[in-house]
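*Asks:* Sequence first, predicted coordinates after that:
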Amino acid sequence: ALGQLENLEVLNLQLCNVGDDELRFVSSLKNLRVLELYGNGRVTRRSLPMLQELPRLESVTLTHTGVHPVTLDDVAGFPALRELNLLDVQPDFSWAEMEARFPGLKFSVDD
């Protein structure tokens, strides 16, 4: 049913026990700007290509998901990304590399 909400801009799926298969509907949400996936450990890297197809997606939270590791190319795959929350996500890069390649991107990471 959520996949039919074509004008939806913000979707909070925090702690909803969704995984890659349940996220298939998200690809129809072309106006989605914010996606909160905190605490969904069954969401993995398999979902990234589908999420990267969302043209207006500006903010993504991948904290406490199964998306490991995240690469700089993964980040670059989001055309409109302005904010990325990667707490508790293993990166495949240094935070200095992230800042150098995406100077305008606001991101949250583990210290």
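*Replies:* Yes, it's here. Numbers count the residues shown, from 1 in each chain.
*Asks:* Just want the most central residue of this protein.
*Replies:* Centroid-nearest residue in the chain, with C-alpha atoms, centre = their mean: residue 60, separated by 3.8 Å.
*Asks:* Wait, that one touches residue 84, no?
*Replies:* Yes: if you go by C-beta atoms under 8 Å, residue 60 and residue 84 touch, sitting 5.7 Å apart. (C-beta placed from N, C-alpha, C; glycine too.)
*Asks:* if I look at these two, which residues touch both of them?
*Replies:* Common contacts of residue 60 and residue 84 (C-beta atoms under 8 Å, 6 or more residues apart in numbering): residue 78.
*Asks:* then stretch 68-87 to PDB, C-alphas only?
*Replies:* The C-alpha trace of stretch 68-87 is given here as PDB (Å, rounded to 0.1, in the frame of the first residue of the first chain):
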ATOM      1  CA  HIS A  68      28.200  -3.200   5.300                       C
ATOM      2  CA  PRO A  69      30.600  -2.000   4.100                       C
ATOM      3  CA  VAL A  70      29.600   1.300   2.500                       C
ATOM      4  CA  THR A  71      31.900   2.600  -0.300                       C
ATOM      5  CA  LEU A  72      32.500   6.000  -1.700                       C
ATOM      6  CA  ASP A  73      30.900   4.800  -4.900                       C
ATOM      7  CA  ASP A  74      27.800   3.800  -3.000                       C
ATOM      8  CA  VAL A  75      27.500   7.300  -1.600                       C
ATOM      9  CA  ALA A  76      28.100   8.800  -5.100                       C
ATOM     10  CA  GLY A  77      25.300   6.700  -6.500                       C
ATOM     11  CA  PHE A  78      22.700   8.900  -4.700                       C
ATOM     12  CA  PRO A  79      22.100  11.800  -7.100                       C
ATOM     13  CA  ALA A  80      20.500  14.300  -4.700                       C
ATOM     14  CA  LEU A  81      22.100  13.100  -1.300                       C
ATOM     15  CA  ARG A  82      22.700  15.900   1.200                       C
ATOM     16  CA  GLU A  83      22.700  14.000   4.500                       C
ATOM     17  CA  LEU A  84      23.800  10.500   5.300                       C
ATOM     18  CA  ASN A  85      23.700   8.800   8.700                       C
ATOM     19  CA  LEU A  86      26.200   5.900   9.000                       C
ATOM     20  CA  LEU A  87      26.500   5.400  12.700                       C
END
